[in-house]
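*Asks:* fold the stuff below for me.
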Amino acid sequence: MGLSIRKHSKDIPVVRIKPLKGLKAINFRELWEYRELIYFLTWRDIKVRYKQTVLGVAWAVLQPLAMMIVFTLFFGRLAKMPSEGIPYPVFAYTALMPWQIFSHAITGSSNSLVTNQKLITRVYFPRVIVPASTVLAALVDFGVSFLLLIGLMLFYKITPTVNVLWLPLFIGLMVITALAIGLWLSALNLEYRDVQYTIPFLNQLLLFLTPVVYPSSLVPKHFQIVYAINPMVGVIEGFRWALLGVGPGPGSMLLLSSFVSLALFILG
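*Replies:* Purely as a prediction, here's the structure:
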């Protein structure tokens with residue numbers, strides 16, 4: 001006995017998926033409907049990163065800690081880099097926390113759409129979720145590494161000022177900046193696979209174009225506006241101002257970096 005199924009085209013709903021244009025490029029209502037997928041992809045990235053590791057999430061502390069020690073020895077002790085009156089280990093580590101998120105966004109998001117192409121081609125969901133989950137997974141590292149910063153501030157007897165109330169704003173700016181770069185690189189890597197080979201060079205170049213190992217006050221004033229086009233300048237200077245009470249604080253440099261971050265995010 002055979003089974004015959006008749007399909008009438010008029011009874012079958014047809015859904016057409018079209019790219020949005022203009023300021024409606026991000027459908028936040030749709031993202032909310034797929035919030036469980038965001039959670040599962042983020043949790044998957046966390047588990048894959050620390051799967052079969054001995055130290056597990058402790059790597060989130062060891063990586064910036066090792067970089068802080070190297071920077072302190074070579075830039076703080078040998079090069080005598082100024083640190084705005086703050087002990088250099090704390091000065092450097094405060095910048096390394098947001099930089100770690102940004103660096104992970106560059107390396108992880110650039111390959112996110114390529115590595116998930118089987119999932120993308122089989123079922124529909126907002127594509128922005130894939131690089132976004134990579135950035136959200138890095139926030140776990142940020143939370144763990146932030147605990148070490150608290151320990152360093154207690155050790156050096158550094159008391160946060162009232163500026164710390166601005167910290168959630170700068171954390172949000174950090175996430176937007178990391179996601180903005182991640183969106184651009186993930187899309188470009190689909191068309192030009194040699195993008196993945198430029199990531200290590202770009203990562204190293206931006207590290208020294210960002211005030212991680214030095215204060216932005218060393219940059220001549222007539223170059224600071226151009227310097228602030230780098231969106232990570234505003235993020236790192238904002239972190240130092242909010243947590244340590246040093247740096248320019250809210251001003252033209254921070255506003256320009258924030259504007260560039262938002263523009264890259266929207267266009268991305």
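*Asks:* and stretch 159-173, what's buried?
*Replies:* Of the residues in stretch 159-173, Asn163, Trp166, Leu167, Phe170, Ile171, Leu173 count as buried by neighbour count, 16 or more other CB atoms under 10 Å. To be clear about C-beta, it is placed using only N, CA and C from the backbone, and glycine gets the same treatment.
*Asks:* gap between the two ends of stretch 80-97?
*Replies:* From its first residue to its last, stretch 80-97 covers 22 Å (CA to CA, to the nearest Å).
*Asks:* of all residues in the chain, which one is nearest the centre?
*Replies:* For the chain, the residue nearest the mean C-alpha position is Ala178 (2.8 Å; CA atoms, centre = their mean).
*Asks:* that residue and Pro87: what is the separation?
*Replies:* The gap separating Ala178 from Pro87 is 27 Å, by CB to CB, to the nearest Å.
*Asks:* ditto for Phe259
*Replies:* Here the criterion is CB to CB. By it, Phe259 lies 33 Å from Pro87.
*Asks:* more crowded one of those two?
*Replies:* Comparing Phe259 with Pro87 by other CB atoms under 10 Å, the one with more neighbours is Pro87, at 18 against 14.
*Asks:* wait, what's in contact with Phe91?
*Replies:* By CB atoms under 8 Å, 6 or more residues apart in numbering, Phe91 lies in contact with Ser83, Glu84, Pro215, Arg240, Leu244, Val246.
*Asks:* name the element the fourth one belongs to?
*Replies:* Here Arg240 is covered by helix 231-244, with elements defined by DSSP states H and E.
*Asks:* relative to helix 231-244, how tilted is the helix or strand just after that helix?
*Replies:* Sequence-wise, the next helix or strand downstream of helix 231-244 (DSSP H and E) is helix 252-267. Angle of helix 252-267 versus helix 231-244, following axes from the mean of the first three to the mean of the last three CA atoms, to 10 degrees, is 130 degrees.
*Asks:* what is the lengthiest helix in the chain packed up against?
*Replies:* Across the chain, the longest stretch assigned as helix under DSSP state H is helix 129-155. Counting contacts by 3 or more CB pairs under 8 Å, 6 or more residues apart in numbering; DSSP states H and E, helix 129-155 packs against helix 35-50, helix 59-71, helix 88-109, helix 112-115, helix 167-191.
*Asks:* I'd like those laid out as CSV, including distance to Leu136 and mean pLDDT.
*Replies:* Below are the helices and strands packed on helix 129-155 laid out as CSV (distance: least, CB to CB, whole Å; pLDDT from 0 to 100):
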stretch, distance to Leu136, mean pLDDT
helix 35-50, 5, 81
helix 59-71, 14, 84
helix 88-109, 10, 86
helix 112-115, 12, 76
helix 167-191, 8, 85
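*Asks:* what's the most buried one of those?
*Replies:* Among the helices and strands packed on helix 129-155, ranked by average contacts under mean count of other CB atoms under 10 Å, first place goes to helix 88-109 (a mean of 23).
*Asks:* sorry, back to before: export the buried residues of stretch 159-173 to CSV and tack on distance to Val70?
*Replies:* Output for those, formatted as CSV (distance: CB to CB, whole Å):
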residue, distance to Val70
Asn163, 28
Trp166, 29
Leu167, 26
Phe170, 25
Ile171, 26
Leu173, 27
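*Asks:* Gly151: which of the residues you listed is nearest?
*Replies:* Comparing the buried residues of stretch 159-173 against Gly151 with CB to CB places Leu167 closest, at 17.1 Å.
*Asks:* surely that closest one and Ala242 touch.
*Replies:* Yes: assessed by CB atoms under 8 Å, Leu167 is found in contact with Ala242 at 4.5 Å.
*Asks:* figure out which of the helices and strands packed on helix 129-155 is closest to Phe146.
*Replies:* Across the helices and strands packed on helix 129-155, closest to Phe146 is helix 88-109 (CB to CB), at 6.4 Å.
*Asks:* now do that closest one against helix 167-191, angle only.
*Replies:* Using the same axes, to 10 degrees: helix 88-109 against helix 167-191 is 40 degrees.
*Asks:* quick one: helix 88-109 to helix 59-71, angle?
*Replies:* Going by the same axes, to 10 degrees, helix 88-109 makes 130 degrees with helix 59-71.
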